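[1] my questions concern the predicted model and sequence given below.
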Amino acid sequence: MEIRQLEAFAAVITSGSVTAAGRLLGRSQPVITRLIQELEAEIGFALFVRSGPRVTPTERGFLLYEEVEHALVGLRQIRARAGEIAREEHRPLHVAATPALAAGLLPLALAGRQPDHARDRAGNERGVAGQSSQIHIDSLFPEKVVHAVLTGAAEIGVTSLPLEHPGVTVHWIGQAACVAAVRADDPLAARATIPLAACSGRRIITMHNPYRLRRRLDEGLARAGVKPAALINTNSSFNALTSVRAGLGIAVLEPVTARGVPLADIVVRPIDADIPFYFGVITPQGRPASGAVLALIDALAGAARALLPDFTQRGPEQHGALLQALYGAAGIPDDTETDPS
(Lines give C-alpha, C1' and ligand atoms only; values in the text may rest on other atoms or scores of the structure.)
Protein backbone atom coordinates (compact mmCIF):
# COMPACT_ATOMS: atom_id res chain seq x y z
CA MET A 1 0.00 0.00 0.00
CA GLU A 2 1.65 3.20 -1.21
CA ILE A 3 1.18 6.80 -0.15
CA ARG A 4 0.31 7.78 -3.73
CA GLN A 5 -2.57 5.31 -3.71
CA LEU A 6 -3.92 6.66 -0.43
CA GLU A 7 -3.59 10.25 -1.63
CA ALA A 8 -5.47 9.41 -4.84
CA PHE A 9 -8.20 7.68 -2.85
CA ALA A 10 -8.60 10.60 -0.43
CA ALA A 11 -8.59 13.12 -3.29
CA VAL A 12 -11.41 11.30 -5.09
CA ILE A 13 -13.45 11.14 -1.87
CA THR A 14 -12.87 14.84 -1.19
CA SER A 15 -13.43 16.16 -4.71
CA GLY A 16 -16.15 13.75 -5.79
CA SER A 17 -14.64 12.75 -9.11
CA VAL A 18 -11.54 11.19 -10.62
CA THR A 19 -11.00 14.15 -12.91
CA ALA A 20 -11.10 16.67 -10.07
CA ALA A 21 -8.80 14.46 -7.99
CA GLY A 22 -6.29 14.48 -10.84
CA ARG A 23 -6.34 18.28 -10.91
CA LEU A 24 -5.82 18.44 -7.14
CA LEU A 25 -2.80 16.13 -7.27
CA GLY A 26 -1.38 17.30 -10.59
CA ARG A 27 -1.84 13.88 -12.18
CA SER A 28 -3.80 12.63 -15.17
CA GLN A 29 -7.16 10.93 -14.86
CA PRO A 30 -5.79 7.55 -16.04
CA VAL A 31 -3.07 7.67 -13.38
CA ILE A 32 -5.65 8.34 -10.63
CA THR A 33 -7.83 5.51 -11.94
CA ARG A 34 -4.88 3.12 -11.98
CA LEU A 35 -3.84 4.04 -8.43
CA ILE A 36 -7.38 3.44 -7.15
CA GLN A 37 -7.58 0.09 -8.96
CA GLU A 38 -4.24 -0.99 -7.50
CA LEU A 39 -5.39 -0.05 -4.01
CA GLU A 40 -8.67 -1.94 -4.43
CA ALA A 41 -6.78 -5.01 -5.68
CA GLU A 42 -4.49 -4.90 -2.66
CA ILE A 43 -7.18 -4.50 0.02
CA GLY A 44 -9.64 -6.85 -1.66
CA PHE A 45 -12.82 -4.76 -1.89
CA ALA A 46 -14.29 -1.97 -4.00
CA LEU A 47 -13.88 1.59 -2.77
CA PHE A 48 -16.24 3.22 -5.26
CA VAL A 49 -19.35 2.43 -7.24
CA ARG A 50 -18.84 3.62 -10.80
CA SER A 51 -21.64 5.00 -12.95
CA GLY A 52 -20.08 6.34 -16.14
CA PRO A 53 -17.81 9.27 -15.24
CA ARG A 54 -19.27 9.54 -11.74
CA VAL A 55 -18.04 7.62 -8.71
CA THR A 56 -19.71 7.15 -5.34
CA PRO A 57 -17.84 5.80 -2.29
CA THR A 58 -18.97 2.43 -1.01
CA GLU A 59 -19.74 1.95 2.68
CA ARG A 60 -16.40 0.20 3.09
CA GLY A 61 -14.77 3.07 1.24
CA PHE A 62 -16.17 5.59 3.75
CA LEU A 63 -14.93 3.47 6.66
CA LEU A 64 -11.45 3.21 5.19
CA TYR A 65 -11.34 6.94 4.45
CA GLU A 66 -11.50 7.76 8.18
CA GLU A 67 -8.26 5.85 8.75
CA VAL A 68 -6.60 7.10 5.57
CA GLU A 69 -7.32 10.72 6.45
CA HIS A 70 -5.67 10.27 9.87
CA ALA A 71 -2.61 8.77 8.19
CA LEU A 72 -2.38 11.54 5.59
CA VAL A 73 -2.76 14.24 8.24
CA GLY A 74 0.17 12.69 10.09
CA LEU A 75 2.19 12.57 6.88
CA ARG A 76 1.44 16.23 6.13
CA GLN A 77 2.57 17.12 9.64
CA ILE A 78 5.84 15.24 9.09
CA ARG A 79 6.41 17.04 5.81
CA ALA A 80 5.61 20.40 7.34
CA ARG A 81 7.84 19.74 10.33
CA ALA A 82 10.71 18.66 8.08
CA GLY A 83 10.43 21.97 6.26
CA GLU A 84 10.38 23.89 9.53
CA ILE A 85 13.49 22.07 10.73
CA ALA A 86 15.22 22.85 7.45
CA ARG A 87 14.31 26.53 7.84
CA GLU A 88 15.26 26.41 11.55
CA GLU A 89 11.75 27.45 12.58
CA HIS A 90 10.04 26.68 15.88
CA ARG A 91 7.49 23.90 16.04
CA PRO A 92 3.88 25.09 15.49
CA LEU A 93 1.50 24.92 18.39
CA HIS A 94 -1.18 22.28 17.67
CA VAL A 95 -4.42 22.69 19.63
CA ALA A 96 -7.50 20.46 19.55
CA ALA A 97 -10.67 21.87 21.11
CA THR A 98 -14.38 21.17 21.14
CA PRO A 99 -16.38 23.60 18.96
CA ALA A 100 -17.72 25.54 21.95
CA LEU A 101 -14.31 26.05 23.53
CA ALA A 102 -12.56 26.63 20.20
CA ALA A 103 -14.95 29.47 19.39
CA GLY A 104 -15.79 30.94 22.78
CA LEU A 105 -12.65 30.57 24.89
CA LEU A 106 -9.55 29.69 22.88
CA PRO A 107 -9.31 32.98 20.89
CA LEU A 108 -9.42 35.01 24.12
CA ALA A 109 -6.64 32.90 25.61
CA LEU A 110 -4.45 33.19 22.52
CA ALA A 111 -5.03 36.94 22.39
CA GLY A 112 -3.97 37.41 26.00
CA ARG A 113 -7.14 36.57 27.96
CA GLN A 114 -9.08 39.69 26.94
CA PRO A 115 -10.02 40.66 23.38
CA ASP A 116 -9.04 44.31 23.86
CA HIS A 117 -5.60 43.27 25.14
CA ALA A 118 -4.67 41.38 21.98
CA ARG A 119 -2.19 44.08 20.89
CA ASP A 120 0.06 46.51 22.66
CA ARG A 121 0.40 50.20 21.76
CA ALA A 122 2.81 49.40 18.96
CA GLY A 123 0.32 46.98 17.40
CA ASN A 124 2.33 43.88 18.26
CA GLU A 125 0.60 40.63 19.07
CA ARG A 126 0.51 39.69 22.74
CA GLY A 127 -0.39 36.61 24.71
CA VAL A 128 0.28 33.04 23.66
CA ALA A 129 -0.30 33.87 19.99
CA GLY A 130 2.73 36.12 20.05
CA GLN A 131 4.96 33.26 21.22
CA SER A 132 4.33 30.92 18.25
CA SER A 133 4.98 31.60 14.59
CA GLN A 134 2.25 29.10 13.66
CA ILE A 135 -0.80 27.87 15.53
CA HIS A 136 -2.95 25.01 14.24
CA ILE A 137 -6.46 24.70 15.70
CA ASP A 138 -8.70 21.67 15.11
CA SER A 139 -12.33 21.84 16.22
CA LEU A 140 -13.40 18.33 17.23
CA PHE A 141 -15.88 16.42 19.36
CA PRO A 142 -14.60 15.57 22.89
CA GLU A 143 -13.72 11.99 21.99
CA LYS A 144 -11.76 13.21 18.96
CA VAL A 145 -9.94 15.80 21.10
CA VAL A 146 -8.71 12.98 23.34
CA HIS A 147 -7.69 10.95 20.28
CA ALA A 148 -5.75 13.89 18.84
CA VAL A 149 -3.83 14.36 22.10
CA LEU A 150 -3.13 10.65 22.46
CA THR A 151 -1.81 10.27 18.91
CA GLY A 152 0.32 13.41 19.04
CA ALA A 153 -1.77 15.26 16.45
CA ALA A 154 -2.31 17.94 19.13
CA GLU A 155 -0.02 19.04 21.95
CA ILE A 156 -2.91 20.31 24.02
CA GLY A 157 -6.62 19.57 24.18
CA VAL A 158 -9.40 21.85 25.42
CA THR A 159 -12.49 19.78 26.08
CA SER A 160 -15.60 19.26 28.12
CA LEU A 161 -15.22 17.03 31.17
CA PRO A 162 -15.25 14.52 32.67
CA LEU A 163 -13.34 11.98 30.64
CA GLU A 164 -11.60 8.87 31.77
CA HIS A 165 -8.46 7.87 29.90
CA PRO A 166 -5.14 6.83 31.41
CA GLY A 167 -3.13 8.34 28.56
CA VAL A 168 -3.90 11.99 29.23
CA THR A 169 -3.17 14.45 32.04
CA VAL A 170 -5.94 16.82 33.16
CA HIS A 171 -4.35 20.12 34.23
CA TRP A 172 -7.37 21.88 35.69
CA ILE A 173 -11.14 21.57 35.86
CA GLY A 174 -13.34 24.56 35.10
CA GLN A 175 -16.95 24.85 36.20
CA ALA A 176 -19.61 27.37 35.20
CA ALA A 177 -23.39 27.27 35.21
CA CYS A 178 -25.45 26.70 32.08
CA VAL A 179 -27.47 29.64 30.83
CA ALA A 180 -30.54 30.43 28.75
CA ALA A 181 -30.48 32.35 25.48
CA VAL A 182 -33.60 34.14 24.22
CA ARG A 183 -34.35 36.71 21.57
CA ALA A 184 -34.14 40.31 22.76
CA ASP A 185 -37.86 40.78 22.01
CA ASP A 186 -38.85 37.74 24.09
CA PRO A 187 -40.67 38.71 27.33
CA LEU A 188 -38.21 36.52 29.26
CA ALA A 189 -35.37 38.81 28.15
CA ALA A 190 -36.56 41.42 30.67
CA ARG A 191 -35.79 39.09 33.58
CA ALA A 192 -32.42 39.14 35.32
CA THR A 193 -32.70 35.39 35.87
CA ILE A 194 -34.88 33.10 33.79
CA PRO A 195 -36.77 30.43 35.75
CA LEU A 196 -36.68 27.08 33.99
CA ALA A 197 -40.37 26.67 34.76
CA ALA A 198 -41.04 29.56 32.38
CA CYS A 199 -39.73 27.40 29.54
CA SER A 200 -42.65 24.99 29.91
CA GLY A 201 -44.85 24.98 26.84
CA ARG A 202 -42.10 26.57 24.73
CA ARG A 203 -39.84 24.99 22.13
CA ILE A 204 -36.45 24.29 23.72
CA ILE A 205 -33.20 24.06 21.80
CA THR A 206 -30.50 22.04 23.48
CA MET A 207 -27.63 19.57 23.08
CA HIS A 208 -28.24 16.00 21.95
CA ASN A 209 -25.30 14.02 23.41
CA PRO A 210 -27.02 11.95 26.14
CA TYR A 211 -23.77 11.07 27.93
CA ARG A 212 -22.44 14.55 28.58
CA LEU A 213 -24.11 17.91 29.17
CA ARG A 214 -27.49 16.82 27.81
CA ARG A 215 -27.95 14.40 30.69
CA ARG A 216 -27.62 17.20 33.25
CA LEU A 217 -29.86 19.49 31.21
CA ASP A 218 -32.60 16.86 31.08
CA GLU A 219 -32.34 16.31 34.85
CA GLY A 220 -32.61 20.06 35.49
CA LEU A 221 -35.66 20.43 33.23
CA ALA A 222 -37.31 17.43 34.88
CA ARG A 223 -36.73 18.86 38.39
CA ALA A 224 -38.33 22.12 37.29
CA GLY A 225 -41.32 20.25 35.87
CA VAL A 226 -40.71 21.65 32.41
CA LYS A 227 -42.74 20.08 29.62
CA PRO A 228 -41.50 21.62 26.37
CA ALA A 229 -43.87 22.02 23.44
CA ALA A 230 -41.11 20.64 21.21
CA LEU A 231 -37.37 20.02 21.18
CA ILE A 232 -34.63 20.90 18.74
CA ASN A 233 -31.51 18.83 19.39
CA THR A 234 -28.17 19.94 18.02
CA ASN A 235 -24.50 19.02 18.47
CA SER A 236 -23.43 22.68 18.28
CA SER A 237 -24.11 25.48 20.74
CA PHE A 238 -23.62 27.98 17.94
CA ASN A 239 -26.41 26.24 16.02
CA ALA A 240 -28.58 26.62 19.13
CA LEU A 241 -27.89 30.36 19.28
CA THR A 242 -28.64 30.95 15.59
CA SER A 243 -31.84 28.94 15.99
CA VAL A 244 -32.87 31.25 18.82
CA ARG A 245 -32.10 34.29 16.66
CA ALA A 246 -34.37 32.82 13.96
CA GLY A 247 -37.21 32.65 16.49
CA LEU A 248 -37.27 28.87 16.83
CA GLY A 249 -37.31 28.75 20.62
CA ILE A 250 -35.34 29.13 23.86
CA ALA A 251 -31.85 27.64 24.16
CA VAL A 252 -30.55 26.11 27.38
CA LEU A 253 -26.85 25.58 26.82
CA GLU A 254 -23.28 25.77 28.09
CA PRO A 255 -22.11 29.32 28.88
CA VAL A 256 -18.83 29.50 26.93
CA THR A 257 -20.37 29.85 23.47
CA ALA A 258 -23.28 31.92 24.77
CA ARG A 259 -20.96 34.49 26.37
CA GLY A 260 -17.89 34.09 24.17
CA VAL A 261 -19.64 34.34 20.79
CA PRO A 262 -22.31 37.02 21.37
CA LEU A 263 -24.90 37.42 18.62
CA ALA A 264 -26.99 40.46 17.84
CA ASP A 265 -30.61 40.27 19.04
CA ILE A 266 -29.75 37.46 21.50
CA VAL A 267 -29.89 37.94 25.28
CA VAL A 268 -28.06 35.53 27.60
CA ARG A 269 -29.42 35.13 31.12
CA PRO A 270 -28.65 32.93 34.15
CA ILE A 271 -31.21 30.29 34.99
CA ASP A 272 -32.63 29.42 38.40
CA ALA A 273 -31.25 25.87 38.33
CA ASP A 274 -27.76 24.60 39.08
CA ILE A 275 -26.76 22.81 35.87
CA PRO A 276 -22.95 22.92 35.75
CA PHE A 277 -20.82 22.78 32.65
CA TYR A 278 -17.37 21.24 33.21
CA PHE A 279 -14.37 21.73 30.97
CA GLY A 280 -10.60 21.68 31.16
CA VAL A 281 -7.23 21.21 29.54
CA ILE A 282 -5.46 17.94 28.74
CA THR A 283 -2.01 17.00 27.47
CA PRO A 284 -0.38 13.62 26.73
CA GLN A 285 0.58 11.80 29.92
CA GLY A 286 4.30 11.39 30.45
CA ARG A 287 5.28 13.87 27.75
CA PRO A 288 6.79 17.19 28.91
CA ALA A 289 4.80 20.22 27.80
CA SER A 290 6.52 23.01 25.87
CA GLY A 291 6.70 26.56 27.15
CA ALA A 292 3.96 27.62 24.72
CA VAL A 293 1.68 24.84 25.96
CA LEU A 294 2.24 25.76 29.62
CA ALA A 295 1.55 29.40 28.81
CA LEU A 296 -1.67 28.46 27.01
CA ILE A 297 -2.82 26.29 29.93
CA ASP A 298 -2.58 29.32 32.21
CA ALA A 299 -4.03 31.69 29.61
CA LEU A 300 -7.10 29.49 29.14
CA ALA A 301 -7.82 29.61 32.86
CA GLY A 302 -7.38 33.38 32.83
CA ALA A 303 -9.69 33.75 29.82
CA ALA A 304 -12.34 31.62 31.53
CA ARG A 305 -12.21 33.80 34.65
CA ALA A 306 -12.61 36.92 32.51
CA LEU A 307 -15.42 35.48 30.40
CA LEU A 308 -17.55 33.59 32.93
CA PRO A 309 -18.72 35.51 36.02
CA ASP A 310 -19.26 32.33 38.05
CA PHE A 311 -16.18 30.44 36.87
CA THR A 312 -14.65 28.09 39.44
CA GLN A 313 -11.30 26.41 38.87
CA ARG A 314 -10.62 23.06 40.55
CA GLY A 315 -7.45 21.04 40.77
CA PRO A 316 -6.86 17.97 38.60
CA GLU A 317 -6.91 15.70 41.65
CA GLN A 318 -10.69 16.23 41.79
CA HIS A 319 -11.31 14.66 38.40
CA GLY A 320 -12.08 11.26 39.93
CA ALA A 321 -14.58 12.81 42.32
CA LEU A 322 -16.19 14.60 39.37
CA LEU A 323 -16.65 11.30 37.56
CA GLN A 324 -18.31 9.84 40.65
CA ALA A 325 -20.51 12.90 41.13
CA LEU A 326 -21.87 12.71 37.61
CA TYR A 327 -21.99 8.99 37.00
CA GLY A 328 -21.87 7.49 40.50
CA ALA A 329 -23.21 8.04 44.00
CA ALA A 330 -20.56 10.33 45.48
CA GLY A 331 -20.29 14.06 45.01
CA ILE A 332 -17.55 16.64 44.86
CA PRO A 333 -16.64 17.86 48.36
CA ASP A 334 -17.95 21.36 49.15
CA ASP A 335 -14.77 22.46 50.94
CA THR A 336 -12.49 22.30 47.92
CA GLU A 337 -10.27 25.27 47.27
CA THR A 338 -10.40 27.38 44.14
CA ASP A 339 -7.08 28.10 42.46
CA PRO A 340 -6.29 31.71 43.48
CA SER A 341 -4.30 32.37 40.33
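    Done, it's in. All of these numbers come straight from a predicted model, not from anything done at the bench. Residues are numbered from 1 along each chain as shown.
[2] tell me how far the helix or strand Val73 falls within lies from the chain's centre.
    For Val73, the host element (DSSP states H and E) is helix 59-86. In this view, helix 59-86 has its centroid 20 Å away from the chain centroid, taken as CA atoms, centre = their mean, to the nearest Å.
[3] mind giving me the packing neighbours of the next helix or strand after that helix?
    The helix or strand immediately downstream of helix 59-86 is strand 93-97, counting by DSSP H and E. With contacts defined as 3 or more CB pairs under 8 Å, 6 or more residues apart in numbering; DSSP states H and E, strand 93-97 has these neighbours: strand 135-139, helix 142-151, strand 156-160, helix 291-307. No exception for glycine: its C-beta is placed from N, CA and C like everyone else's.
[4] that older thread, packing partners for the helix holding Val73?
    The contact analysis (3+ CB pairs under 8 Å, 6+ apart) places helix 59-86 against helix 3-15.
[5] pretty sure Pro99 is touching Ser237, no?
    Yes: counting by CB atoms under 8 Å, Pro99 does reach Ser237; the two are 7.3 Å apart.
[6] can you list residues touching both of the two?
    Common neighbours of Pro99 and Ser237, counting by CB atoms under 8 Å, 6 or more residues apart in numbering, are Thr257.
[7] next one: the residue nearest the centre of the chain from Ser17, what distance?
    Centroid check for the chain by CA atoms, centre = their mean gives Thr98 as the closest residue, at 1.1 Å. Separation of Thr98 from Ser17 (CB to CB, to the nearest Å): 33 Å.
[8] same check on Leu101?
    In terms of CB to CB, Leu101 sits 36 Å off from Ser17.
[9] these two: which is more packed in?
    Neighbours were counted for Leu101 and for Ser17 using other CB atoms under 10 Å; Leu101 has more, 29 against 15.
[10] need phi/psi at the more buried one.
    Dihedral angles of Leu101 (phi, psi; degrees, to the nearest 10) stand at phi -80, psi -30.
[11] which residue packs closest to it, ignoring adjacent ones?
    Computed as CB to CB, 6 or more residues apart in numbering, the closest residue to Leu101 that is not its neighbour in sequence is Val158, at 4.5 Å.
[12] hang on, that neighbour packs against Ala103?
    No: taking contacts as CB under 8 Å, Val158 lies outside contact range of Ala103: 11.0 Å.
[13] the two - which one has more neighbours?
    Higher neighbour count among Val158 and Ala103: Val158, with 26 against 18, using other CB under 10 Å.
[14] my read: Pro228 touches Ala198, true?
    No: counting by CB under 8 Å, Pro228 sits too far from Ala198 to count as a contact (11.6 Å).
[15] low-confidence ranges, the stretch 101-250 of the chain, go.
    Residues of the stretch 101-250 of the chain meeting the criterion pLDDT under 70: 113-133, 210-212.
[16] in it, which spans are helices?
    Under the criterion DSSP state H, counting those that start in this stretch, the stretch 101-250 of the chain carries helices at the ranges 106-111, 142-151, 213-223, 237-245.
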